[in-house]
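A.B. asks: just a sequence and a predicted model for now, questions to come.
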Amino acid sequence: MEDVNSRRNPGTSGNTESLRTVAAPRRRAPAARRGTGPSVPGSERRDHLLRLAAELFAEKGFQATTVRQIADEAGILSGSLYHHFDSKEAIVDEVLRTFLDDLIGRYRAVLADGHDPRTALSEMIRIGFGTVETHRAAVTVMQNDWNYLRSLPGERFDYLVKTEDQVELMWLEQIRLGQELGQFRRDADPKLTYRMIRDTIWVTVRWFRSGGRLDSAEIAEHYISVLFDGLVQDGRTGGRGAVSGR
């Protein structure tokens with residue numbers, strides 16, 4: 001049975017490399033059309049390279065994507081990437097940090113507003129589903145290449161686990177507070193509940209497609225409705241109906 005907005009992302013394979021690696025060019029439209037020529041300011045060119053690389057990492061997997069393919073996509077020589085990044089790892093590092101900084105910042109803003117736990121969690125769920133659309137490539141890389149990046153030598157990607165722990169604590173505090181206030185069931189395991197919510201949000205990137213039957217905001221509202229108001233119609237809840245498809 002086909003999922004709403006269904007589309008699968010390919011798996012990952014390959015080995016890490018430095019910017020000096022040379023590999024077969026990617027079969028795409030001519031990269032020169034993608035606008036990273038001399039007339040583009042340096043900061044804009046760098047941001048453009050990040051976006052192109054992120055899309056390739058999401059499509060092919062970080063390990064399987066070569067520096068030569070990134071350069072071809074941008075319409076530049078592989079060596080030109082040295083003006084912006086010292087390695088392929090530096091590129092994916094910035095892609096992930098940008099996404100996680102945005103996510104954490106939005107979560108903190110919600111919690112700083114002093115909402116009750118149900119409202120706070122609802123807003124955090126909306127933020128999560130929204131990032132699946134605005135940071136689709138980064139979320140895909142997190143899903144597919146998390147373990148590999150964590151296995152690389154050195155401490156470059158240690159922040160992935162630290163950030164994961166920080167985010168989990170934010171959610172657990174709201175779930176436990178909601179239980180204390182009587183908003184949430186006391187027999188629900190907070191950590192298990194958080195992980196079920198987390199996984200539901202992030203796995204959406206594997207089938208969500210912009211321009212599909214539902215956008216990310218509508219999917220978020222549907223999920224919030226099912227999460228808090230339930231699926232079974234037994235007369236014990238009086239919440240909103242689920243979002244209907246078009």
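C.D. replies: Perfect, I can see it now.
A.B. asks: check which helix or strand covers the nearest residue to H115 once chain neighbours are set aside.
C.D. replies: The shortest distance from H115 to any residue other than its chain neighbours is 6.7 Å, reached at E123 (C-beta to C-beta, 6 or more residues apart in numbering). Any C-beta I mention is one placed from the backbone N, CA and C, and that applies to glycine too. Using DSSP states H and E, the element containing E123 is helix 117-134.
A.B. asks: what helices or strands is that helix leaning on?
C.D. replies: Secondary-structure packing of helix 117-134 (3 or more C-beta pairs under 8 Å, 6 or more residues apart in numbering; DSSP states H and E): helix 88-112, helix 159-180, helix 190-203, helix 216-229.
A.B. asks: for it, which residues meet the burial criterion?
C.D. replies: 117-118, 120-133 (16 or more other C-beta atoms under 10 Å).
A.B. asks: ok, now how distant is the closest residue to E168 other than its chain neighbours from W171?
C.D. replies: Nearest non-adjacent residue to E168, counting by C-beta to C-beta, 6+ apart: Y194, 6.2 Å away. Separation of Y194 from W171 (C-beta to C-beta, to the nearest Å) stands at 4 Å.
A.B. asks: these two: which has the busier surroundings?
C.D. replies: Just comparing Y194 and W171: by other C-beta atoms under 10 Å the higher neighbour count belongs to W171, 22 against 19.
A.B. asks: thought the more buried one was touching M124?
C.D. replies: Yes - counting by C-beta atoms under 8 Å, W171 touches M124, with 7.0 Å between them.
A.B. asks: spit out the contact partners of the residue nearest to E168.
C.D. replies: Y194 makes contact with E168, W171, L172, I175 under the criterion C-beta atoms under 8 Å, 6 or more residues apart in numbering.
A.B. asks: what is the neighbour count of A137?
C.D. replies: Residues lying near A137 (other C-beta under 10 Å) number 21.
A.B. asks: now R156
C.D. replies: By other C-beta under 10 Å, 14 other residues sit near R156.
A.B. asks: can I take it that it is in a strand?
C.D. replies: No - R156 sits outside any strand when classified using DSSP: H, G, I helix; E, B strand; the rest coil, being coil.
A.B. asks: ok, it to L81 distance?
C.D. replies: Applying C-beta to C-beta to R156 and L81 gives a distance of 18 Å.
A.B. asks: what about the most centrally placed residue in the chain, helix or strand, and which?
C.D. replies: Nearest to the mean C-alpha position of the chain, by C-alpha atoms, centre = their mean, lies V139 at 2.1 Å. Secondary structure from DSSP H and E places V139 in helix 136-151.
A.B. asks: which positions in that helix come out as buried?
C.D. replies: Buried residues in helix 136-151, counted by 16+ other C-beta under 10 Å: R136, A137, A138, V139, T140, V141, M142, Q143, N144, D145, Y148, L149.
A.B. asks: now stretch 69-88
C.D. replies: Neighbour-count burial for stretch 69-88 [16+ other C-beta under 10 Å]: 69-76, 78, 81, 84-85, 87-88.
A.B. asks: thank you, goodbye.
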